[in-house]
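*Asks:* Can you look at this prediction? I've put the sequence above it.
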Amino acid sequence: MDVRICSKVACGASASATLTYDYGDSMVVVGPLSTRVEPHGYDLCARHAARLRVPRGWQVVRREPLRRDAD
């Protein structure tokens, strides 16, 4: 399995989240690392995902990974 790294310049940490933009709604969505590389998504390490800053007036939506209940 290939390790995906953070998209931030000069960061070599492993990616743990994927960021996507919705320009029409002025919204940024940060969620679990996507299962495949998306052309309009940005992979981020945990540090950069947590410290994300967006333009004034934009909304940030953070989606948590789905949790599986123990059987």
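*Replies:* Good, I have the coordinates.
*Asks:* Give me the most central residue, this structure.
*Replies:* Thr18 (2.5 Å; CA atoms, centre = their mean).
*Asks:* Quick one: residues contacting it.
*Replies:* 30-34, 38, 41-44 (CB atoms under 8 Å, 6 or more residues apart in numbering). (Glycine included, C-beta is placed from N, CA and C.)
*Asks:* how about 10 Å then?
*Replies:* Thr18 is in contact with 4, 7, 29-38, 41-44, 49, 63, counting by CB atoms under 10 Å, 6 or more residues apart in numbering.
*Asks:* Sketch out the low-pLDDT regions of the protein for me.
*Replies:* 1, 66-71 (pLDDT under 70).
*Asks:* quick one: the strands in it?
*Replies:* 17-22, 27-32, 41-44, 59-62 (DSSP state E).
*Asks:* The last one - contacts with which helices or strands?
*Replies:* Using 3 or more CB pairs under 10 Å, 6 or more residues apart in numbering; DSSP states H and E as the contact criterion, the secondary-structure elements in contact with strand 59-62 are strand 17-22, strand 27-32.
*Asks:* measure stretch 34-41 end to end?
*Replies:* 9 Å (CA to CA, to the nearest Å).
*Asks:* should've said stretch 21-31
*Replies:* Using CA to CA, the two ends of stretch 21-31 sit 12 Å apart.
*Asks:* All good on my end, thank you.
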